[in-house]
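[1] task: produce atomic coordinates for the following.
(2 chains)
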Amino acid sequence: MNKKYDKLGSDVFNKVEKINSELFTLTYGALVTQLIKDYEDIEQVNIKLEQMGYNIGIRLIEEFLAKSGIGRCTDFTETAEVIAKVGFKMFLGVTCQVTDWDTEKKEFHLIIDDNPLSDFVELPDHLKHKLYYSNILCGVIRGALEMVQMKVKCTFVKCSLSDDNTCSIKVVLEEVLSDLVPVGYD
Amino acid sequence: GISTSCFEFFYIEMIEYIMKSTENDKIQAFKKLDKLGIKVGHKLVERLSLDTNLFPDLLDSIKFICKIFWMSIFKKTIDGLKTNHKGVFVLTDNKFQWLQHLSFDPTSSNKDCSEYVQFACGLIKGAMLNFGYKCSVTFEIQQIYSYAPFKVMTAIA
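    Numbering: from 1, shown residues only, chains lettered A, B, ... in the order given. Below is the predicted model:
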C-alpha cells in the first residue's frame, strides 16, 4: 500500500503548479509573529492557527480529491497513508511517516521529517513547548477530513522547534459522520 | 517548492484574518499587511540577491524587482516598466496572480479586493529597503481585476 501512494503522491506533485517555498515559509513566519503580537496568550495563538488551518482544510479537500483522483478509503489506515503520502506531498512537497497505531486502528502519529513551515525558524526559549508553530497543519487535517465525513482530533505531540528533534502530530478518529447529513446542517 | 494552491489557500486565510483582526478598518489592515510584506520582502531579497552586486543603483534595483524578485514569487516577470527619470517607476503586471483565482462575493460592499494587493506593495518596499532605497508604493487595480500597476516612488534611505 505504501508504495502505491508514494508513487501517486509524486505523480500529483509533479503535475501541480509550484512556487518558491521560501515565500510561503517567510510569509507564514510573519503571520505567526503577528498573531503573537495580537493575542499575547500563546495558547490563543495555537487555537487561532488551528482554526485558520480548519478553514483552509475545508476548501483544499476539493482540489485534493479532484487532482489525486482518490475515491473513498476503505478504512482509517488507508486514510492515514493517503494523508501522509499524497496529501502532504501534493501541497507541501514532503511526505510523512505514519506510526504508533493503537490496537483499534483509530489513532496514529504523523511524523513530519522535513516540515517546510519551520525552515529557517528558531523559537526563543520562552516559546518552546508552548507555541505549536505549525499548528495550522492540525487544522488543515481536521477540516479536510470533516468534509469527507470523518471527525478527527489533531494535536501536536512534538515540535522540532522545541528541541524534540522531530515534528509529530497525533490524529484521533472520533466519529464517522453520516453521509445523509450534509456538513453545516443541523 | 510547494504547490501554488497551498500558498494561495493560506494567503486568502491570512488576508481574512488581518481584515477581521482590524474589524475591517482598511487603514489599519493595510498598515498591518504592509508591515508583513516589508518583513517578507526584505528577507526574500536577501536570499535571492546573493549573486548580485551588493549596492545596485536605483535602476538596477528596480530591474531586479521586475525580473528576479517577481519571477521568484509569481513565476512571471513584470510586463511593463515606465519611469519619469526622477525616481518614480510604474511597474505593471498584466495578470496579477493573487487576483486570478479569487471568487469574489458580489454582494459584498468591498468589491475592489485591494487587500489582496497591499501585501505585494509591502514586498516591493521590503525588497527595495534591502537595497538601501526607501520608497512608497501605491497601486491601482483596473478593469477585470487582473491588471495591477504598482507605482513605486523612491527616496534614498
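[2] residue closest to the middle of chain B?
    Residue closest to the average C-alpha location in chain B (C-alpha atoms, centre = their mean): B:Ala120, at 1.7 Å.
[3] buried residues in the helix or strand hosting that residue, which are they?
    Using DSSP states H and E, B:Ala120 sits within helix B:115-130. Using 16 or more other C-beta atoms under 10 Å in any protein chain shown as the test for burial, helix B:115-130 gives B:115-130. Backbone N, C-alpha and C define where each C-beta goes, glycine included.
[4] quick one: average confidence on that helix?
    For helix B:115-130, mean pLDDT is 93.
[5] cool, and stretch A:25-39?
    96.
[6] next: stretch B:20-28.
    Here the average pLDDT along stretch B:20-28 is 90.
[7] also stretch B:55-65?
    For stretch B:55-65, mean pLDDT is 90.
[8] can it be said to contact chain A?
    No - counting by C-beta under 8 Å from any C-beta of the partner chain, chain A is not contacted by stretch B:55-65; separation bottoms out at 14.3 Å.
[9] got the contact list for that stretch?
    Under the contact criterion C-beta atoms under 8 Å, 6 or more residues apart in numbering or on different chains, stretch B:55-65 has outside partners B:45, B:49, B:52-53, B:78, B:81, B:83, B:87, B:89, B:91, B:124, B:127-128, B:131-133, B:152, B:154, B:156.
[10] about what we covered before: name the helices or strands packed onto the helix holding B:Ala120?
    Counting contacts by 3 or more C-beta pairs under 8 Å, 6 or more residues apart in numbering or on different chains; DSSP states H and E, helix B:115-130 packs against helix B:4-21, helix B:26-48, helix B:58-64, strand B:133-139, strand B:148-156.
[11] by how many degrees do that helix and helix B:4-21 diverge?
    100 degrees (axes from the mean of the first three to the mean of the last three C-alpha atoms, to 10 degrees).
[12] can you show me the CA trace of helix B:115-130 as PDB?
    C-alpha atoms of helix B:115-130 as PDB (Å, rounded to 0.1, in the frame of the first residue of the first chain):
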ATOM      1  CA  GLU B 115      -6.400  43.900   0.400                       C
ATOM      2  CA  TYR B 116      -5.100  41.100  -1.800                       C
ATOM      3  CA  VAL B 117      -2.700  43.500  -3.400                       C
ATOM      4  CA  GLN B 118      -1.500  45.600  -0.500                       C
ATOM      5  CA  PHE B 119       0.800  42.800   0.800                       C
ATOM      6  CA  ALA B 120       2.700  42.900  -2.600                       C
ATOM      7  CA  CYS B 121       3.300  46.600  -2.000                       C
ATOM      8  CA  GLY B 122       5.000  45.700   1.200                       C
ATOM      9  CA  LEU B 123       7.000  43.100  -0.500                       C
ATOM     10  CA  ILE B 124       8.300  45.600  -3.000                       C
ATOM     11  CA  LYS B 125       9.100  48.100  -0.200                       C
ATOM     12  CA  GLY B 126      10.900  45.500   1.800                       C
ATOM     13  CA  ALA B 127      13.000  44.400  -1.200                       C
ATOM     14  CA  MET B 128      13.900  48.000  -2.100                       C
ATOM     15  CA  LEU B 129      14.800  48.700   1.500                       C
ATOM     16  CA  ASN B 130      17.300  45.900   1.500                       C
END
